[in-house]
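Enquirer: Any chance you could fold what I've pasted below:
(4 chains)
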2 protein chains.
Amino acid sequence: MRSAPAVPNALRNLLPPVLLAAAAAVPLRKGERLFLQRQRPRHMYFVVSGEIVLERSGASGNAVVLQRVRHGFVAEASLHSASYHCDGLVTADGDAVALPLEALTGELARHPEFALRWIGMLNQEVRRLRGQCERLSLRGVGERLLHLIETEGDHGSLAVPHGLKSLATELAVSHEALYRAVATLEDEKVVVRDGGAISLRRAGS
Amino acid sequence: MRSAPAVPNALRNLLPPVLLAAAAAVPLRKGERLFLQRQRPRHMYFVVSGEIVLERSGASGNAVVLQRVRHGFVAEASLHSASYHCDGLVTADGDAVALPLEALTGELARHPEFALRWIGMLNQEVRRLRGQCERLSLRGVGERLLHLIETEGDHGSLAVPHGLKSLATELAVSHEALYRAVATLEDEKVVVRDGGAISLRRAGS
DNA sequence: CGTACTTTTGAATCGCATCAAATCTGGTGG
DNA sequence: CCACCAGATTTGATGCGATTCAAAAGTACG
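Expert: Numbering: from 1, shown residues only, chains lettered A, B, ... in the order given. As a prediction, this is how the structure comes out:
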């Protein structure tokens, strides 16, 4: 028996029954693109496992990573948009849930308390994005990494399940620079690497 | 008679009557701080004129500019927060409107169509922030500037009412670097400076 | 065992930050 | 009107840190 938790608890608590019924499980295959820039939005996704990267190809042709999502909503901002504003690229196998945007709009209009929860979710996203902007405003790879650990980490410990290389693109630095920064911070006894996690020495655990 | 447009049209179209009645005009004085990090949120603001900068003082003590607002909402993400996540510093005299958060929450719960409009506003903000992250991920001052003009500008023309210096902090580069980048782009016939605006030569106007 | 990937280290180069200083600007008061 | 000041603008020189190119070593997986 495949234990397929098509809809995780986070969604059960947020969405009304009608939407839960309309939710469809979507398998994520590395390399696949869930949606493309400029496409008309039809679904919103919730990543249960695996990884999706929102990326946008600039005029110069180089792809820029807007966001990595390992657990949470993707394309939630396309609710009333005429088109997706970025690509949804799967970078690690896993599972997601697709929600039809039409149904979502209808339920938001029908259930005020759901709309309020949705607004709360968006507020959280806005704050997270502000944090990312703040992080990217920092000079120095080390500072960015420490900021990430303090901001997104759990009690001074940041999970890095997919290696430092993918983390480097999120911090908008070369992977070499990140490796060197981590090594330096370890020498300085500021952080400790524990396999799939980086932790601050002070505070936290 | 002072023509005091306490509530601009953008707000009239968005907010229900009850909130418009609860809105209070707030004069903005340069140097003043509308709210402080970690304070309990009581109001949300809408900038009519002047400028407010959202800034956060990092652990290292250096202030980081999260956002400059010359027209639009400020602190909209603090709706259900226990505290503001940044300071609201006035950087240019002007006027704003203050909305009590309590009343806002109540109206959102009471009027689904208002909640939907609010969600639309938040979606726009999320996209704008993603754009800013994308911009900050770019290497090179010139690239960031061009991205800003293309993204936030009006038909390839970006208003710079407060000089390039404040723009530099928004792009997270030194003002010297920005001045040099602008000069270079002008030499290369890529942009034109027109007093308070920078415009692309190709496209746009 | 081989392939593909990440991790790691090295060396050269380039862009930006930084410090410094000169010029220009608008505004204020004499 | 002019002197003067505060701020923005501009140019120059220097150093550091990150990028880049390169290559080796480690690791996971079929």
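Enquirer: For the rest of this, base every contact and every neighbour count on C-alpha atoms.
Expert: Will do.
Enquirer: got the residues of chain A near DNA strand D?
Expert: A:139-142, A:172-178, A:181 (Cα under 7 Å from any atom of the strand).
Enquirer: One more pass at 10 Å, please.
Expert: By the rule Cα under 10 Å from any atom of the strand, the part of chain A lying against DNA strand D is A:138-144, A:168-169, A:171-181, A:184, A:195.
Enquirer: Just these: which are in helices?
Expert: A:141-144, A:168-169, A:171, A:175-181, A:184 (DSSP state H).
Enquirer: Any chance of a PyMOL selection covering the buried ones in those?
Expert: In PyMOL, this line selects whichever of those come out buried by 16 or more other Cα atoms under 10 Å in any protein chain shown:
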select buried, chain A and resi 141+142+144+168+169+171+175+178+181
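Enquirer: Skip the chain neighbours and tell me the closest residue to A:D87.
Expert: A:L36 (4.4 Å; Cα to Cα, 6 or more residues apart in numbering or on different chains).
Enquirer: can you check A:G94 too?
Expert: In space, A:G94 is closest to A:G50, 3.9 Å off (Cα to Cα, 6+ apart).
Enquirer: Wait, the one you found touches A:L89, no?
Expert: No. Here A:G50 does not reach A:L89: they are 11.2 Å apart, not a contact under Cα atoms under 8 Å.
Enquirer: returning to what we had before: which of the residues of chain A next to DNA strand D are close to chain B?
Expert: A:138, A:171-172 (Cα under 8 Å from any Cα of the partner chain).
Enquirer: so which of those residues would you say is closest to chain B?
Expert: Nearest to chain B, judged by Cα to the nearest Cα, of these is A:A172 at 5.3 Å.
Enquirer: okay, now A:D194: neighbour count?
Expert: 12 (other Cα atoms under 10 Å in any protein chain shown).
Enquirer: no, scratch that, I was asking about A:V126
Expert: 23.
Enquirer: Tell me how far it lies from B:R110.
Expert: Noted for A:V126: a distance of 23 Å to B:R110, by Cα to Cα, to the nearest Å.
Enquirer: If we ignore the residues flanking it in sequence, what's nearest the residue in chain A positioned nearest to DNA strand C?
Expert: Closest approach between chain A and DNA strand C, counting by Cα to the nearest atom of the strand: A:G163, at 3.2 Å. With Cα to Cα, 6+ apart as the criterion, A:G163 has its nearest non-adjacent residue at 7.3 Å, and that residue is A:G196.
Enquirer: Could you pull up the contacting residues of the one you found?
Expert: Shown in contact with A:G196 (Cα atoms under 8 Å, 6 or more residues apart in numbering or on different chains): A:159-163.
Enquirer: For A:A21, state which of those residues is nearest.
Expert: Distances from A:A21 to the contacts of A:G196, taken as Cα to Cα, are shortest for A:P161 (31.5 Å).
Enquirer: Tell me how many other residues crowd the closest one.
Expert: Using other Cα under 10 Å: A:P161 sits among 12 other residues.
Enquirer: distance of it from DNA strand D?
Expert: Separation of A:P161 from DNA strand D (Cα to the nearest atom of the strand, to the nearest Å) stands at 12 Å.
Enquirer: correct me, but that residue touches A:A197?
Expert: Yes. Counting by Cα under 8 Å, A:A197 is a contact partner of A:P161 at 7.4 Å.
Enquirer: which stretches of chain A have low pLDDT?
Expert: Along chain A, the model assigns pLDDT under 70 to residues A:1-6, A:58-63, A:203-205.
Enquirer: Just give me the residue right at the centre of it.
Expert: A:V69 (2.2 Å; Cα atoms, centre = their mean).
Enquirer: Quick one: the helices in chain A, in order.
Expert: Counting by DSSP H, the helices of chain A are A:9-14, A:17-22, A:101-110, A:112-137, A:141-152, A:163-171, A:175-187.
Enquirer: how about those, which one is nearest A:P41?
Expert: helix A:101-110 (7.6 Å).
Enquirer: buried ones in that closest one?
Expert: Buried residues in helix A:101-110 (16+ other Cα under 10 Å): A:101, A:104, A:107-109.
Enquirer: Could you list which of those residues also contact chain B?
Expert: Near chain B, by the rule Cα under 8 Å from any Cα, you find A:108-109 out of the buried residues of helix A:101-110.
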